[in-house]
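Trainee: My questions concern the predicted model and sequence given below.
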Amino acid sequence: MEKRDEMLNPYMIQNLDQLEFSEFRQKLQQLMEAGYSPLQYFGSPEGILYSLMGKSDCLELLSTAFPNTRIYPSLSKEYPAFNMFERLLHEQYNIHPEGHPWLKAVRSQLPGENAHSDYSFLSDDSSLLHEVGVGPVHAGVIEPGHFRFICRGETVEHLEIQLGFQHRGLEQLMLQGDFKEKTALAESIAGDTAVGHCLAYCCLIEQLADIQPKGREIRIIALELERIAMHLADLSALAGDVAYIMGQNFFAAIRTTIINSSLAICGSRFGKRWMTPGGVNYAITKQQARVLESTLQKARTQIIDCAEAMFANSSVVTRFDDTGVLKLQDALALGLSGITAKASGMIVDARMDYPCIENSNFVALTQSSGDVYARAYLRYQEILQSLQMILSEINQIDFQQAISTPINSLAPNSICSSIVEGWRGRIVHTAKTDAEGKPIWYRITDPSLINWQALALVMRGTAISDFPICNKSFDLSYCGSDL
């Protein structure tokens, strides 16, 4: 096993041993029984199957050749955390995980299925049930996605989520041109997670280049500002969905204050162009640091006042409490991450388990009830935690220090993975280089790919009228799961 050292994350390995398929499968089963989860599981153009397995303090990468028959016994039946990965493997490389309980398209690319109209939804002929379709076109600026409900009266019996409308071929685009100049592309993986995804890309490049990046404190500040802004946006949206208009407006206004702080430093409200391989593009001056400190101190007071008022409001609590409950055992079985998992009591956070920026004092926060209330309240708690982290890091900034390091040539014949705790959860980027240090393939896992399963699960037995607040309590990305 790879034990934690200074460079556990990013994790790099050269000359990875290739296992026989039976040994590969047996090793995966052993790791799962030992408490590991699949962080990535995918095929490559070389005809090799890879699995990045992890638990706190430990990472292990396994590989094997594709099975000769392109058929193997599904892992998902025994370990549901492989579900989405095996479905992707099937549609991308036509490898059939025999016995998979729900082998359907993730991005509408199954062999013989060339259009969304080919997708086969679960249906029922019972006169007691009816179907409700929502999307893929939604009001406002929401991205496309189709939700198909099977209902008994107003109660949801089953929800099926069809995505795949956004497919942009991002992983292939990462291979074109200069691999060291892909920050703009990384920022577009999920536009509301520009800092998180770009940081994962930068850490990967830095490990391949064997350099120590500069601007540690600034990177933490940028990442936590993004987390605060998006958690505030979610609290605003949740408040609006239960007609708590004061909360909707106040949280939205405070979010503007937060994203304007990023704008003042890097020129982008979403933190774009802030990260760069080797460090950051924009320093924080003494004056900017003092202004940021003052702004966040005031924002913290406003956030506390607004949140405490909302979570003490009986109308809000009645709608949030015991709605859309995700059980801890389901979160563990599916290998979920982020607020989705932590609100059900699952202690998982890459800032603690696989820190790409060392922070020895970080402790993941959790709630236990797994409902909309827990997910909303945990966002409030994480906002306060992130504010404290930023205020602490401001005082650590060396205003005279360089903010970036030049990138050297990249290591040849290497596989590198980097992990970042985005505001939605665990982001994983993995790449392999050839003998000249050029990328052979690039794999991206946004937390939404896995966490969408939670929304479908919690809607069972829930009133269809509660779908908006359940959906917003997870706030998952359409494009992030459809690369």
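Mentor: Received it, and whenever you're ready, just let me know what you need.
Trainee: Does residue 235 touch residue 307 like I think?
Mentor: Yes. Here residue 235 reaches residue 307: they are 7.1 Å apart, a contact under Cβ atoms under 8 Å. Yep, even glycine has a C-beta here, placed from its N, CA and C like the rest.
Trainee: anything in contact with each of those two?
Mentor: Shared between the contact lists of residue 235 and residue 307 (criterion: Cβ atoms under 8 Å, 6 or more residues apart in numbering) are residues residue 380.
Trainee: Who has more neighbours out of the two?
Mentor: Neighbour comparison, residue 235 and residue 307: the larger count goes to residue 235, with 29 against 24 (by other Cβ atoms under 10 Å).
Trainee: Just say helix, strand or coil for the more buried one.
Mentor: Under DSSP: H, G, I helix; E, B strand; the rest coil, residue 235 falls in the helix class.
Trainee: what's near enough to touch it?
Mentor: 247, 251, 307, 310, 376, 379-380.
Trainee: Just the pLDDT at it, thanks.
Mentor: Per-residue confidence (pLDDT) for residue 235: 98.
Trainee: now residue 355
Mentor: Note on residue 355: pLDDT of 91.
Trainee: For the remainder of this discussion, apply numbering that starts at 51.
Mentor: Noted, 51 is the first residue going forward, which turns the last one into residue 405.
Trainee: nearest residue to it other than its sequence neighbours?
Mentor: residue 59 (6.5 Å; Cβ to Cβ, 6 or more residues apart in numbering).
Trainee: check contacts around that neighbour.
Mentor: 109, 253, 400, 404-406, 467-469 are the contacts of residue 59 under Cβ under 8 Å, 6+ apart.
Trainee: make it 6 Å
Mentor: 404, 406, 469 (Cβ atoms under 6 Å, 6 or more residues apart in numbering).
Trainee: in which helix or strand would I find residue 235?
Mentor: According to DSSP states H and E, residue 235 maps onto helix 233-237.
Trainee: ok, now residue 306?
Mentor: Going by DSSP H and E, residue 306 is part of helix 295-316.
Trainee: in that helix, what's buried?
Mentor: 297-298, 300-302, 304-305, 307-309, 311-312, 315-316 (16 or more other Cβ atoms under 10 Å).
Trainee: just curious, which of the residues you listed is nearest to residue 65?
Mentor: Nearest to residue 65 among these, counting by Cβ to Cβ, is residue 316 at 39.1 Å.
Trainee: My guess is the closest one contacts residue 333. True?
Mentor: No. Applying Cβ atoms under 6 Å, one finds residue 316 not in contact with residue 333, separated by 9.8 Å.
Trainee: host element of residue 104?
Mentor: Judged by DSSP H and E, residue 104 forms part of strand 98-105.
Trainee: Any chance of the contacts of residue 59 in CSV with neighbour count as columns?
Mentor: CSV is the format used below for the contacts of residue 59 (neighbours: other Cβ atoms under 10 Å):
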residue, neighbour count
404, 26
406, 26
469, 28
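Trainee: and these as a markdown table, adding secondary structure and distance to residue 270?
Mentor: As requested, the contacts of residue 59 are exported to a markdown table (DSSP: H, G, I helix; E, B strand; the rest coil; distance: Cβ to Cβ, whole Å):
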| residue | secondary structure | distance to residue 270 |
| --- | --- | --- |
| 404 | coil | 15 |
| 406 | coil | 10 |
| 469 | strand | 15 |
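Trainee: ok, the residues you listed vs residue 349, which is closest?
Mentor: Closest approach to residue 349 among the contacts of residue 59 (Cβ to Cβ): residue 406, at 26.1 Å.
Trainee: what's the helix or strand for residue 228?
Mentor: Per DSSP H and E, there is no helix or strand for residue 228.
Trainee: and it, how many neighbours does it have?
Mentor: Neighbours of residue 228 using other Cβ under 10 Å come to 7.
Trainee: same deal with residue 455?
Mentor: 17.
Trainee: now that we're looking at residue 316, how far away is residue 331 from it?
Mentor: Distance of residue 316 to residue 331, computed by Cβ to Cβ, to the nearest Å: 7 Å.
Trainee: which neighbours do these two share?
Mentor: In contact with both residue 316 and residue 331: residue 323, using Cβ under 6 Å, 6+ apart.
Trainee: Could you list the buried residues of the helix holding residue 235?
Mentor: 233, 235-237.
Trainee: likewise stretch 334-353?
Mentor: 334, 338-339, 342, 346, 349-350, 353.
Trainee: which SS class is the residue lying farthest from the centre of the chain?
Mentor: Going by Cα atoms, centre = their mean, the residue of the chain most distant from its centre is residue 177, 39.5 Å out. Classification of residue 177 using three-state DSSP returns coil.
Trainee: OK, contacts around the closest residue to residue 483 other than its chain neighbours?
Mentor: Nearest non-adjacent residue to residue 483, counting by Cβ to Cβ, 6+ apart: residue 464, 5.2 Å away. Shown in contact with residue 464 (Cβ under 6 Å, 6+ apart): 62, 64, 483.
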